[in-house]
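> Okay, here's the prediction I keep looking at, along with the sequence it came from:
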Protein chains: 2
Amino acid sequence: MSKQQEQRGEHTSMKMTMRLGPRSYDIILKRGSLGRLGQLADLMNRRVLVVTDDGVPAQWPDAVLAQCTRGYKLVLPAGEATKCFSQLEKICRTLLENGFTRADAVVAVGGGVVGDLAGFAAAVYMRGIAFINCPTTTLSQVDSSIGGKTAIDLAGAKNAVGAFHQPELVVIDPDTLSTLPPRHFANGLAEAVKAGLLGDEKLFALFEEGDAAGHIEEILTRALAVKKAVVEQDERDTGARACLNFGHTLGHAVESASDMGLLHGECVGLGMLPMITDKTLRRRAAAVLKDLGLPVKVRYDGAAVQGFLAHDKKLGSGDKLTVVRVAEAGSYYLEQLPLEAVQAMVGSGIG
Amino acid sequence: MSKQQEQRGEHTSMKMTMRLGPRSYDIILKRGSLGRLGQLADLMNRRVLVVTDDGVPAQWPDAVLAQCTRGYKLVLPAGEATKCFSQLEKICRTLLENGFTRADAVVAVGGGVVGDLAGFAAAVYMRGIAFINCPTTTLSQVDSSIGGKTAIDLAGAKNAVGAFHQPELVVIDPDTLSTLPPRHFANGLAEAVKAGLLGDEKLFALFEEGDAAGHIEEILTRALAVKKAVVEQDERDTGARACLNFGHTLGHAVESASDMGLLHGECVGLGMLPMITDKTLRRRAAAVLKDLGLPVKVRYDGAAVQGFLAHDKKLGSGDKLTVVRVAEAGSYYLEQLPLEAVQAMVGSGIG
């Protein structure tokens, strides 16, 4: 590989192993890997259900399907509303009707909605069958595809019902990002900026250089490494994993209040800024978000956001919320703040 | 305690621990224990949802509810049809609407249907909350309440969707059997006879003495000990647990063909007999079942049963079925039989 190619991040590939004892698995990042999935996982000697949605260009699920001996494809409606009981039941019925046993597998090809839902179906069908996750959006590639969290929503509560079910393999093909709309490309990178601020100073510096698209493989790799280290410490989300909530306390409240007008990553980006305690760093982070095309100033219904924060309080202890704060890029600390103090961070807008 | 009391099995109590590392839990068998559940588990400092069905006399769930500070009760329709997606969703909605968090608990008070369904809801709500199982039928007391298998049915396939979710505690109150109809009392004991034949010669001998009701605590204790030892070896049902299928290969097929006219334990009893290779033992086992009031001769549609056996084959390897055979009480061996050989055991009736 020439130095120029290397600088442009071409033809690089990466393999890391999520170390979770008997539930360990590989995460492979490589251009063109969807078209060669059969070299990485067994698609020949078992039934395979490829689950995708109608927002994902058919070329990606079909590239996987073409390699299966006994392959089936299920295309769900795109959008968060698909993460529901009735779609979960639909996947399980499809598996049952096609004679899937515990020896067979589900492959998700799509964003977080497809991965969360198909992963949950794989977690509960016959009390658990193999699951391979092939995320096709920046958001799922840097975040939701690893860590084993699967879920559906219920009555407006995100991820209210789900399971921890580690995949057998995660395959990230950056080529899929070529068909991702620019707004969604930027949306997922907000979680990568989060990873940089939390745990990798160099990743944050990379964003400050600009040209994220040109460094996409290094960005994905570094962001995955931060998340992997946290998940390995806390598979079932009972401690260390709380740091991944950086930007999410305010972000979720803004997301709920915006009635899905804003995307998840956009809200997380907005939610991070007031949690950065150093003014200079906050300004630098805002510049990075802006450069990516992410919102840094949004007007919203402050009272509504405060209301959603009060609801979130249930998940804390007493009247306090645990928030994640960053003073310098690459490290964080947890702080218990009274609900009112967090609500006070919300005026008529963030930024 | 007087010798007489002891002989009648009165006022005895038993505690054993299911040893599964971080998922270990106690199984407590004691008369009156439902009315004192608060001494065994925390019902005061967390929300508790008591799940039961309308076939369970209200006195049992209400005894638990009375001890809860923030207790809620959900009464489902009795019967296997309740083990479905819509009832699962109903339990999850009830938990959500009442603000249950990961720190709260679900308590099942009822038979296998209630335990399997409520246990599954506890497994997936917020990706898993605490579950306490209080089985009130012989079938659930000797079998389904321990081992961590939770599930619902789908499109006629029993337990097609579920999770392994070990309870926090299992509390067995034999007093609840006083309100159990005699046919159901006998039904569950078929699984205890199975446990005796598989792994406890003395338990089988106890049944041969007659008066099962008079020895109920010892029967429950011994049957639980057999199952516990197997589950401890094979929590996720990938090996040793296969022995618990003794009587179930034929039993499930008969159960499916009988269109629920026969109860599960009755079918397991029938299904065990042809799997006992020693003629004398088979006769003794039939006498035990008969003495309990369980069927030993049943006419059914042989072709239908053979059809269901062929369907079951999917769960075996190749064209063979793995069956569990018993030559002498207290031990078993596995045998791979061609489907046709198992089908040949089915004429126009068993017995």
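Ah, there it is.
> Please count neighbours and contacts with C-alpha atoms only from this point.
Will do.
> shaky segments in chain A?
Of all residues in chain A, those with pLDDT under 70 make up the ranges A:1-11, A:260, A:312-318, A:347-351.
> and it, which of its residues are near chain B?
Contact residues (Cα under 8 Å from any Cα of the partner chain) of chain A with chain B: A:85, A:89, A:92-93, A:96, A:99, A:101, A:123-128, A:151, A:154-155, A:159-164, A:314-315.
> Give me the subset of those residues lying in helices.
Mapping those onto helices (DSSP state H) picks out A:85, A:89, A:92-93, A:96, A:123-124.
> export those residues to TSV and tack on neighbour count?
Converted to TSV, these look like this (neighbours: other Cα atoms under 10 Å in any protein chain shown):
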residue	neighbour count
A:85	18
A:89	18
A:92	23
A:93	18
A:96	18
A:123	28
A:124	25
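> Which residue ranges of the stretch 51-200 of chain A form strands?
A:70-76, A:105-110, A:130-135, A:149-154, A:157-164, A:169-172 (DSSP state E, counting those that start in this stretch).
> Kindly report the same for the stretch 201-350 of chain A.
With DSSP E, counting those that start in this stretch as the criterion, the stretch 201-350 of chain A has strands spanning A:298-299, A:320-325, A:333-338, A:349-350.
> how much space is there between residue A:19 and chain B?
Computed as Cα to the nearest Cα, to the nearest Å, the residue A:19 to chain B distance reads 19 Å.
> residue contacts, that residue?
Contacts for residue A:19 (Cα atoms under 8 Å, 6 or more residues apart in numbering or on different chains) come out as A:25, A:232.
> Residue A:335 and residue A:324 touch, don't they?
Yes - using Cα atoms under 8 Å, residue A:335 is in contact with residue A:324, at 6.3 Å.
> For the two, indicate the residue with more neighbours.
Using other Cα atoms under 10 Å in any protein chain shown, the more surrounded residue of residue A:335 and residue A:324 is residue A:324, with 22 against 12.
> Wait, residue A:53 touches residue A:78, no?
Yes - counting by Cα under 8 Å, residue A:53 does reach residue A:78; the two are 5.1 Å apart.
> Between the two, which is the more surrounded one?
Counted by other Cα under 10 Å, residue A:53 and residue A:78 do not tie: residue A:53 has more neighbours, with 21 against 17.
> could you dump the ones in helices among the residues of chain A next to chain B to TSV with distance to residue A:176?
What follows is those, written out as TSV (distance: Cα to Cα, whole Å):
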residue	distance to residue A:176
A:85	28
A:89	28
A:92	27
A:93	29
A:96	30
A:123	26
A:124	28
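> Determine which two of the residues you listed are furthest apart.
Across these, the two members that end up farthest from each other (Cα to Cα) are A:85 and A:96, 16.4 Å apart.
> so what's residue A:324 bridging to?
residue A:334 (DSSP bridges).
> correct me, but it touches residue A:250?
No - contact status for residue A:324 versus residue A:250: not in contact, 10.7 Å apart, counting by Cα under 8 Å.
> any idea which of the strands of the stretch 201-350 of chain A is most buried?
Of all those, strand A:320-325 carries the top mean neighbour count, a mean of 22, counting by mean count of other Cα atoms under 10 Å in any protein chain shown.
> Who are the packing partners of that strand?
Secondary-structure packing of strand A:320-325 (3 or more Cα pairs under 8 Å, 6 or more residues apart in numbering or on different chains; DSSP states H and E): strand A:333-338, helix A:339-344.
> let's see 10 Å
Under the contact definition 3 or more Cα pairs under 10 Å, 6 or more residues apart in numbering or on different chains; DSSP states H and E, strand A:320-325 sits against helix A:182-199, helix A:248-257, helix A:302-312, strand A:333-338, helix A:339-344.
> then the second one to CSV, C-alphas only?
The reference is to helix A:248-257. Presented in CSV, the C-alpha positions along helix A:248-257 are these (Å, rounded to 0.1, in the frame of the first residue of the first chain):
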residue,chain,number,x,y,z
HIS,A,248,-27.4,11.3,26.8
THR,A,249,-29.1,12.7,29.9
LEU,A,250,-29.9,16.0,28.3
GLY,A,251,-29.8,14.4,24.8
HIS,A,252,-32.6,11.9,25.5
ALA,A,253,-34.7,14.7,27.0
VAL,A,254,-34.2,16.9,24.0
GLU,A,255,-34.9,13.9,21.7
SER,A,256,-38.1,13.1,23.4
ALA,A,257,-39.2,16.8,23.5
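> Was I right to think residue A:288 contacts residue A:210?
Yes - in this structure, residue A:288 is within contact of residue A:210 by Cα atoms under 10 Å, at 7.9 Å.
> Settle it for me: which of those two has more neighbours?
The neighbour comparison of residue A:288 against residue A:210 (other Cα under 10 Å) goes to residue A:288, with 23 against 13.
> picking that back up, make CSV out of the strands of the stretch 51-200 of chain A and add distance to residue B:275.
CSV is the format used below for these (distance: least, Cα to Cα, whole Å):
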stretch, distance to residue B:275
strand A:70-76, 35
strand A:105-110, 33
strand A:130-135, 33
strand A:149-154, 41
strand A:157-164, 38
strand A:169-172, 41
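> How much space separates the residue lying closest to residue A:65 once chain neighbours are set aside from residue A:230?
Using Cα to Cα, 6 or more residues apart in numbering or on different chains and skipping the chain neighbours, the partner closest in space to residue A:65 is residue A:71 (5.8 Å). Relative to residue A:230, residue A:71 is positioned 35 Å away (Cα to Cα, to the nearest Å).
> Over to residue A:222?
Remark: distance between residue A:222 and residue A:230 (Cα to Cα) = 13 Å.
> wait, which of the ones in helices among the residues of chain A next to chain B is closest to chain B?
Distance to chain B across those (Cα to the nearest Cα) is lowest for residue A:124, with 4.8 Å.
> Can you give me every residue that contacts residue A:199?
A:193, A:222-223, A:225-227, A:229-230, A:243, A:326, A:328-332 (Cα atoms under 10 Å, 6 or more residues apart in numbering or on different chains).
> let's go with 6 Å and repeat that
A:330-331 (Cα atoms under 6 Å, 6 or more residues apart in numbering or on different chains).
> and the strand or helix carrying residue A:16, C-alpha only, in PDB?
Assigned by DSSP states H and E, residue A:16 belongs to strand A:13-18. C-alpha atoms of strand A:13-18 as PDB (Å, rounded to 0.1, in the frame of the first residue of the first chain):
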ATOM      1  CA  SER A  13      -8.700  -3.300   7.600                       C
ATOM      2  CA  MET A  14      -9.000  -3.900  11.300                       C
ATOM      3  CA  LYS A  15      -9.900  -6.800  13.500                       C
ATOM      4  CA  MET A  16     -10.400  -6.500  17.200                       C
ATOM      5  CA  THR A  17     -11.800  -9.000  19.700                       C
ATOM      6  CA  MET A  18     -14.400  -8.200  22.300                       C
END
